[in-house]
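K.L.:
Only the shape, not the letters, is given here:
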C-alpha cells in the first residue's frame, strides 16, 4: 500500500497481527473489532467498515476467499499456546458445531474480479477448523451483530506465491472492497 497508495475513499483503520492461538487471539481480536465499531459510530461521515483477515494455508497453491466459517474448533495440532480442542463449539451460545456463518460480501464477484486481474484465486467454503476458522467465526458473528462486513482470505506461503505478488493481491482486494463500499453508499 505504501507503493500504490490507498484507493480513493479507503481508510486503513488498523492492522493487527494476532497470535496463532484460538483463545490467545480473542482479546486482541475483540479489541480491534470493537475499536472499529466505536470509530464508525463516532465518524460524522458514517464510513463503512469491512474487516479483512489474512491467514496462511501452507498447503495452498493459490489465494482463497473464504465464504463462511463453522462453529467448530477442532485443531489438528496444538495452537501456539498449546490448546488443541476437538469438536468444541467456538461459541457455545450459537448451538451445535454444524452452525455456519457466512460473509455478507459477494465472494464470487470478488473472486471473479481478482481472477480477471490475473491472480490465481478461488472461492472456498472451508476455512478449516484451526485458528483461521476460529477467528473468522468470531469476526462474522461480531460483524453481523454490528452491521459490519467481514471477509477472510487464505494465502499460500511466499515460496508458492512470492511476497510482491501477495502484496499486489492484497492491494487489489482492498481496491475491490473500496469500490463495493462506494456502490453501497
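P.N.:
All right, it came through fine. These numbers were taken from a predicted model, which means no experiment stands behind them.
K.L.:
all strands for the protein, in order.
P.N.:
Using DSSP state E, the strands found in the chain span residues 50-56, 63-66, 68-70, 72-73, 88-89, 100-102, 121-124, 149-155.
K.L.:
Please convert these to JSON lines, extending it with mean pLDDT, distance to residue 23 and mean neighbour count.
P.N.:
Bear in mind the C-beta positions are built from the backbone N, C-alpha and C, glycine included. Output for these, formatted as JSON lines (pLDDT from 0 to 100; distance: least, Cβ to Cβ, whole Å; neighbours: other Cβ atoms under 10 Å):
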{"stretch": "strand 50-56", "mean pLDDT": "93", "distance to residue 23": "17", "mean neighbour count": "18"}
{"stretch": "strand 63-66", "mean pLDDT": "98", "distance to residue 23": "21", "mean neighbour count": "23"}
{"stretch": "strand 68-70", "mean pLDDT": "98", "distance to residue 23": "16", "mean neighbour count": "23"}
{"stretch": "strand 72-73", "mean pLDDT": "96", "distance to residue 23": "10", "mean neighbour count": "22"}
{"stretch": "strand 88-89", "mean pLDDT": "96", "distance to residue 23": "11", "mean neighbour count": "16"}
{"stretch": "strand 100-102", "mean pLDDT": "98", "distance to residue 23": "19", "mean neighbour count": "16"}
{"stretch": "strand 121-124", "mean pLDDT": "98", "distance to residue 23": "25", "mean neighbour count": "18"}
{"stretch": "strand 149-155", "mean pLDDT": "96", "distance to residue 23": "19", "mean neighbour count": "23"}
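K.L.:
For residue 24, which of those strands is the nearest?
P.N.:
Among those, strand 72-73 comes nearest to residue 24, with 13.0 Å by Cβ to Cβ.
K.L.:
For that closest one, enumerate the helices and strands it packs against.
P.N.:
Judged by 3 or more Cβ pairs under 8 Å, 6 or more residues apart in numbering; DSSP states H and E, strand 72-73 is in contact with strand 88-89, helix 131-146.
K.L.:
highest average neighbour count across the ones you listed?
P.N.:
Across the helices and strands packed on strand 72-73, averaging neighbours per residue (mean count of other Cβ atoms under 10 Å) puts helix 131-146 on top, at a mean of 22.
K.L.:
pLDDT (mean, whole number) over that one?
P.N.:
Helix 131-146 shows a mean pLDDT of 94.
K.L.:
Run the chain-centre distance for it.
P.N.:
Taking the mean of its C-alpha atoms, helix 131-146 sits 8 Å from the chain's own mean (Cα atoms, centre = their mean, to the nearest Å).
K.L.:
so what does it touch, helix or strand wise?
P.N.:
When contacts are defined as 3+ Cβ pairs under 8 Å, 6+ apart, helix 131-146 sits against helix 22-42, strand 50-56, strand 68-70, strand 72-73, strand 100-102, strand 149-155.
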